[in-house]
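1. Sequence and predicted structure below; questions after.
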Amino acid sequence: DTACDVASAALKGLSAAPATSGGDGSGLWGTVDHPVRIFLADQAAHLTVAPAALYTFWQLTGLLGLVGGFLGNAGARIAWVLFGVGTLAMIWSTAPVGGRAAATGLAALMWALASVFALRGLSLRPIVHNHPPQYQFSPALHIHATLPAPAGDGFGDEPDNVHPLQR
């Protein structure tokens with residue numbers, strides 16, 4: 001219950017954060033950062049949270065994904081991938097049309113470089129175990145059936161106890 005209170009207080013602190021300077025979008029980092037700030041500010045207009053809080057939460061998510069991924073946490077690595085894909089989508093949708101591809105490509109390269117650290121040690125190779133099994137499986141089917149002795153002399157004679165309607 002106290003963890004929920006701490007998280008609630010942290011989110012309230014984020015929503016009360018003062019607006020940060022968005023910069024003019026110049027330079028390499030501004031080319032990537034400015035469209036994200038614009039996107040989050042546009043979205044915050046429809047929410048009950050300040051744009052600065054959304055931006056801070058976006059940064060915190062990226063930082064936790066990067067550090068947690070570096071430490072080998074699978075959930076943090078998933079968060080890192082989703083953070084990167086979401087960031088690329090924000091940049092693509094907000095960057096000026098003439099420089100949209102360049103801004104998104106630059107962000108993809110920056111994200112790929114950071115992914116070297118976030119996805120460190122991740123292997124996509126399958127693990128193959130070449131150990132013989134410890135047990136021997138020998139499938140076999142054994143049917144034990146008892147057949148009744150044939151009635152009559154075996155030349156088509158019917159037994160005497162058969163009702164005439166069953167013949």
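-> Sure, I can see it. Quick caveat, the model's predicted, so the values are computed rather than measured.
2. sec struct for the residue most central in space within the chain, please.
-> Centroid-nearest residue in the chain, with CA atoms, centre = their mean: Ile78, separated by 5.5 Å. Here Ile78 is helix, with the state taken from DSSP: H, G, I helix; E, B strand; the rest coil.
3. Report pLDDT for it.
-> On pLDDT, Ile78 comes in at 93.
4. same question, Pro126
-> Confidence for Pro126, expressed as pLDDT, is 78.
5. Any idea how many residues pack against it?
-> 5 (other CB atoms under 10 Å). Heads up, the C-betas are built off the backbone N, CA and C, glycines and all.
6. just Thr94 next, same as before
-> 18.
7. picking that back up, what's the spacing between the residue nearest to the centre of the chain and Pro139?
-> Applying CB to CB, to the nearest Å, the value for Ile78 to Pro139 is 41 Å.
8. next one: Ala41
-> From Ala41 to Pro139 the distance is 67 Å (CB to CB).
9. do the same with Pro35
-> 63 Å.
10. Now the element after the worst-scoring helix or strand of the chain on mean pLDDT, going C-ward?
-> The weakest-scoring helix or strand in the chain, judged by mean pLDDT, DSSP states H and E, is helix 2-15 (a mean of 52). The element immediately downstream of helix 2-15 (helix or strand, assigned by DSSP states H and E) is helix 27-44.
11. Tell me the buried residues in that next one?
-> Buried residues in helix 27-44, defined by neighbour count with 16 or more other CB atoms under 10 Å: Thr31, Val32, Asp33, His34, Pro35, Val36, Arg37, Ile38, Phe39, Leu40, Ala41, Ala44.
12. what's it in contact with?
-> Contact partners of helix 27-44, identified using CB atoms under 8 Å, 6 or more residues apart in numbering, comprise 22-25, 50-51, 53-55, 58, 87, 90-91, 93-95, 99, 102-103, 106-107, 110.
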